[in-house]
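Trainee: Please work out how this folds:
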Amino acid sequence: GAAAGGSSAACSGLRAARAARARAVAARAAAPAAAGDRAQDKKGILEAFTGGGVTDIDPSPLVQWGADITAGAIADLRAAGKEAQACRDGLPVLEPSAGVVRGDLAAEEADLVARKEEFLAALAANGALHFRGWDLMKDAEGFHRFYDALGMDPCLDPIHSVAARPVSSAEHKIYEAVNKPSRSNYVVGMHNEMVGTQAPRYAGFVCFKPADEGGEFWVCGGNDLFHELSIPLLEKMQQKQVIFSVVEFPMGFLKGLSEEVRENVAKPLIKAAVGVAVKFKVDFDVFFRFVDQGYDGEMALQGYASPQPAVIRDPVSQLPVYFCNLHSHSKFLRDDRQKALGELQKTTGASQANKTDVSYGDDDMFSDEELKEVDRATMKCVKQVAMEHGDVMLLDNYRTMHGRGTFKGSRHNAVAWFSRVIA
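Mentor: Numbers count the residues shown, from 1 in each chain. Presented below is the predicted three-dimensional model:
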């Protein structure tokens, strides 16, 4: 009797979740398009202005920076330690309930609906969840049913207007993770998904095919990292803030021009044209400057985002978290990792322009020792998870950073971004 009642409640909950989702989609369709809505799925540098791909969902929401945390408050926030906090970073493994037959997709979906509040409470407490042992999420349709069951409202990729992230399934609002063979010997450093003024609230990473070897999914709790990093370094980063170069356009061909033409005609015209094009496509300030030696040793035009703090409060838990993509964006750390991994292969698409670096907000550079401290602390806090077919990692994007290890063979992981939970 209890089992039957639970199944009935789960089915009713599933119908309610689908109805809420349908109402949300209908409301968006009836509403006028938001100003600045842009096309999706840019394939490369030249194609970044052509559109296509995922449609009919809202843009990624704006970053919630919250109240300022001063540099002077860092030591006080650290003093009590993690033990005094209401919750701590974790990664619980969640499997289907006892009695749910694996492969019975309807039963698995009903189980997700019935336990929705349990799972959302666990996400709020831990910042990350690992769903394991479900067959439902082995394909794109099933992954869509998974996130609908939990009430996750999908949003556009935050980089959809400025770069190419391939689409895994436009119908199901799912993007490719970094599966390119040309990036198989490249470590994706730890980062929160944030570009300029946009950051999804949550992220769901699904494994449709694990790599033949390696390719582990990496997670790192931002609160764990806040408590691990050197206090003087955190204070310095918070006081001076951090700035990222976010894109680079090779300009070596300008060397063939005379100095007068290069400096007085070509550079101003190119800088102005690129600035106008980027302003047309993105909703955050990017400033550009020429450098004599870019990441490949040639003249380049580099674009920079606005300075940001290194530590914020997670909007859900209010825990102080390290929310800064230095580990992935630092050229020094990337090059240092690559020394042991071998030379990078030639890549394609927008990855050719996706070359980043980091400095303090006043343009002072981080010392090698400071960057190595970030790497030390980050890797101490990283959990490496070998995801299997159908596994899902559901993350609070403010609370938990993500990355990926190197791999061999083919790999198909994908991601959906979410703006909120639909009640």
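
Trainee: Dump the C-alpha coordinates for stretch 84-91 into PDB.
Mentor: In PDB, the C-alpha atoms belonging to stretch 84-91 read as follows (Å, rounded to 0.1, in the frame of the first residue of the first chain):
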ATOM      1  CA  ALA A  84      31.900  26.100  12.600                       C
ATOM      2  CA  GLN A  85      30.000  26.500   9.300                       C
ATOM      3  CA  ALA A  86      26.400  25.500   8.800                       C
ATOM      4  CA  CYS A  87      27.500  23.200   5.900                       C
ATOM      5  CA  ARG A  88      30.600  22.100   4.100                       C
ATOM      6  CA  ASP A  89      31.600  21.200   0.600                       C
ATOM      7  CA  GLY A  90      30.900  17.600  -0.300                       C
ATOM      8  CA  LEU A  91      30.200  15.200  -3.100                       C
END
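
Trainee: Would you map the helices across this protein?
Mentor: Listed in chain order, the helices of the chain (DSSP state H) span 2-30, 74-79, 105-114, 116-126, 140-149, 222-228, 231-240, 259-261, 267-281, 326-329, 331-341, 368-381.

Trainee: would a markdown table of those helices with mean neighbour count, distance to W134 and mean pLDDT be doable?
Mentor: Every C-beta, even on glycine, is put in place using the N, C-alpha and C of the backbone. As requested, the helices of the chain are exported to a markdown table (neighbours: other C-beta atoms under 10 Å; distance: least, C-beta to C-beta, whole Å; pLDDT from 0 to 100):
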| stretch | mean neighbour count | distance to W134 | mean pLDDT |
| --- | --- | --- | --- |
| helix 2-30 | 13 | 15 | 45 |
| helix 74-79 | 14 | 38 | 95 |
| helix 105-114 | 21 | 5 | 98 |
| helix 116-126 | 16 | 12 | 97 |
| helix 140-149 | 21 | 8 | 98 |
| helix 222-228 | 23 | 27 | 98 |
| helix 231-240 | 19 | 39 | 98 |
| helix 259-261 | 10 | 62 | 90 |
| helix 267-281 | 14 | 38 | 80 |
| helix 326-329 | 23 | 29 | 95 |
| helix 331-341 | 14 | 33 | 90 |
| helix 368-381 | 17 | 27 | 98 |
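
Trainee: G390 is nearest to which of these?
Mentor: With C-beta to C-beta as the criterion, G390 lies closest to helix 140-149 of the helices of the chain, at 7.9 Å.

Trainee: residue nearest the centroid of this protein?
Mentor: Nearest to the mean C-alpha position of the chain, by C-alpha atoms, centre = their mean, lies E193 at 2.4 Å.

Trainee: Under the pLDDT cut-off, which ranges of the stretch 301-423 of the chain? List them.
Mentor: By pLDDT under 70, the low-scoring segments of the stretch 301-423 of the chain are 344-354.

Trainee: Recalculate using a threshold of 50.
Mentor: Applying pLDDT under 50 to the stretch 301-423 of the chain picks out residues 349-353.

Trainee: got the residue ranges for the strands in it?
Mentor: Ranges of strands within the stretch 301-423 of the chain are 311-313, 320-322, 357-360, 382-385, 392-396, 400-404, 407-408, 412-421, based on DSSP state E, counting those that start in this stretch.

Trainee: and S168, which of the ones you listed is closest to it?
Mentor: Taking C-beta to C-beta, strand 412-421 is the member of those nearest to S168, at 4.0 Å.

Trainee: hang on, L333 packs against V374?
Mentor: Yes: using C-beta atoms under 8 Å, L333 is in contact with V374, at 7.4 Å.

Trainee: Overlap in contacts, those two.
Mentor: Both L333 and V374 are contacted by 326-327, under the criterion C-beta atoms under 8 Å, 6 or more residues apart in numbering.

Trainee: Looking at the helices of the chain, which is nearest to V206?
Mentor: Closest to V206 of the helices of the chain is helix 140-149 (C-beta to C-beta; 4.8 Å).

Trainee: ok and that closest one relative to helix 105-114, angle-wise?
Mentor: 30 degrees (axes from the mean of the first three to the mean of the last three C-alpha atoms, to 10 degrees).

Trainee: ok, residues contacting helix 140-149?
Mentor: Helix 140-149 has contacts (C-beta under 8 Å, 6+ apart) with 14, 17-18, 21, 105, 109, 112-113, 116, 131, 134-137, 154, 168-169, 171-174, 204, 206, 208, 390, 392, 414, 416, 418.

Trainee: For S182, which of the helices of the chain is the nearest?
Mentor: Nearest to S182, of all these, is helix 331-341, at 13.2 Å by C-beta to C-beta.

Trainee: Summarise which helices and strands that closest one is packed against.
Mentor: If contacts are counted by 3 or more C-beta pairs under 8 Å, 6 or more residues apart in numbering; DSSP states H and E, helix 331-341 sits against strand 188-191, helix 326-329, helix 368-381.

Trainee: what does it contact?
Mentor: Applying C-beta under 8 Å, 6+ apart, the contact partners of helix 331-341 are 185-187, 189, 295, 326-328, 344, 355-358, 366, 368, 371-372, 374-375, 406.

Trainee: that older thread, a markdown table please, covering the helices and strands packed on helix 331-341 and showing distance to K240.
Mentor: Compiled in a markdown table, the helices and strands packed on helix 331-341 are given as follows (distance: least, C-beta to C-beta, whole Å):
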| stretch | distance to K240 |
| --- | --- |
| strand 188-191 | 20 |
| helix 326-329 | 13 |
| helix 368-381 | 11 |
